[in-house]
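S.K.: Fold the following, please.
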Amino acid sequence: MVRSPIVPARRQLIAATSDIHGPQCLSINRLKGHANPLPSSFNSFNGKRNHDQIPRNEKKCSASDALCDLHFLVQPFRGPITATEQAAYIKALTDQGISEEQKARLAAFMASDDGNDFVIVNLIHLNPSPETLPATGPDAPASALINHYMEHMLVAQLLRASHPLFVAQGAGPTIDLLGVDNAETWTQAALFRYRSRRDLMKIISDPQFHTRHEYKLAAMLQTIAVPVTPSLQMSDPRFLLALLLLAFSNRRRQD
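M.R.: Sure, this is the predicted structure:
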């Protein structure tokens with residue numbers, strides 16, 4: 001049975017973020033200069049008050065603060081990748097044996113960094129008979145190799161406020177094709193949002209990434225991965241968080 005990457009990814013994410021409302025929390029109260037960075041409702045975790053005893057307005061404040069904290073997590077804030085960082089990432093990737101062509105592409109990708117989030121558009125033609133690799137064993141389907149890769153990749157993305165936006169199966173052969181040879185068949189498509197180019201470079205320069213990446217490559221006959229800057233993205237987490245904050249604000253005024 002092929003194990004889904006979602007369950008182990010969720011467990012690791014929960015473990016890594018279990019202290020999100022601890023002393024390092026980016027609480028909105030701290031930003032306003034309050035002495036206590038934690039909303040009073042979080043005292044219930046220390047056994048000081050039962051959750052049912054917390055006034056309703058404090059509960060709503062806690063939810064709003066949590067949403068604001070999430071906004072800071074998904075918002076790019078460090079600016080473009082510096083020249084020093086670029087050199088460090090290229091060195092790390094060189095040590096891991098990537099090709100000169102790949103290094104040139106990634107160097108150009110970092111040099112054009114604007115400091116904002118972006119989306120990678122993936123087109124995938126899966127291999128019907130992938131090679132045998134240690135973690136997946138003989139006769140494993142391409143989906144098993146992809147799942148092994150995503151067990152690591154999904155956690156790495158989520159811990160850097162990056163995530164899948166869209167995953168779909170191919171519904172037929174290519175309809176429009178111009179200037180591209182041997183691109184009539186794509187079995188999957190996917191969109192992945194990254195908070196910044198720095199986050200992606202941190203992920204792919206990690207030696208653990210390359211250990212898993214060979215499974216992704218073995219699972220495919222062809223693939224194209226193109227970074228794009230969205231001009232309209234209704235699934236942007238900042239937009240969704242703004243809607244939630246607006247909903248909480250309206251509810252508070254109604255009460």
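S.K.: What mean pLDDT does the host helix or strand of Leu106 get?
M.R.: Using DSSP states H and E, the element containing Leu106 is helix 100-111. The average pLDDT within helix 100-111 is 96.
S.K.: Next, count neighbours for Thr223.
M.R.: Residues near Thr223, counting by other C-beta atoms under 10 Å, number 15. All C-beta atoms are positioned from the backbone trio N, CA, C, and that covers glycine.
S.K.: so what's it closest to, chain neighbours aside?
M.R.: Nearest residue to Thr223, sequence neighbours excluded (C-beta to C-beta, 6 or more residues apart in numbering): Ile124, at 5.1 Å.
S.K.: tell me the contacts of that neighbour?
M.R.: 186-190, 220, 222-223 (C-beta atoms under 8 Å, 6 or more residues apart in numbering).
S.K.: Check Gln86 too.
M.R.: 107, 110-111.
S.K.: Touching the helix holding Leu106 from outside, list them.
M.R.: 81, 85-86, 89-90, 93-94, 98, 197, 201, 227.
S.K.: quick revisit: from the contacts of Ile124, which is closest to Leu165?
M.R.: Within the contacts of Ile124, the smallest distance to Leu165 is 8.2 Å, found for Ala190 (C-beta to C-beta).
S.K.: what's the helix or strand for the closest one?
M.R.: With DSSP H and E as criterion, Ala190 is part of strand 188-194.
S.K.: can you check Thr223 too?
M.R.: Using DSSP H and E, the element containing Thr223 is strand 220-228.
S.K.: try Ile120
M.R.: strand 118-126.
S.K.: Could you list the paired strands of that strand along with their orientation?
M.R.: Sheet pairing of strand 118-126 (DSSP bridges) gives strand 188-194 (antiparallel), strand 220-228 (antiparallel).
S.K.: same for the helix or strand following that strand, what does it pack against?
M.R.: Once strand 118-126 ends, the next helix or strand along the chain (criterion: DSSP H and E) is helix 142-158. Under the contact criterion of 3 or more C-beta pairs under 8 Å, 6 or more residues apart in numbering; DSSP states H and E, helix 142-158 touches helix 6-16, strand 118-126, strand 163-169, helix 197-204, helix 207-218.
S.K.: who touches the last one?
M.R.: Contacts with helix 207-218, where a contact means C-beta under 8 Å, 6+ apart, come from 96-97, 127, 130-131, 133, 135-136, 145-146, 148-149, 151-153, 156, 203-204.
S.K.: Narrow these to just the buried residues.
M.R.: Buried positions within these, assessed by neighbour count (16 or more other C-beta atoms under 10 Å), are 127, 130, 133, 136, 145-146, 148-149, 151-153, 156, 203-204.
S.K.: So, low pLDDT: which residues of the chain?
M.R.: Scanning the chain with the threshold set as pLDDT under 70 gives 1-77, 232-240, 248, 250-255.
S.K.: what bridges to Gln188?
M.R.: Beta-bridge partners, per DSSP bridges, of Gln188: Ile124, Gln169.
S.K.: What residues does it make contact with?
M.R.: Gln188 touches 122-124, 126, 167-170, counting by C-beta under 8 Å, 6+ apart.
S.K.: Same question for Thr94.
M.R.: Thr94 neighbours (C-beta under 8 Å, 6+ apart): Lys103.
S.K.: Surely it is in a helix?
M.R.: Yes - looking at Thr94 with DSSP: H, G, I helix; E, B strand; the rest coil, it is inside a helix.
S.K.: Check the gap between it and Pro227 for me.
M.R.: Going from Thr94 to Pro227 by C-beta to C-beta, to the nearest Å gives 21 Å.
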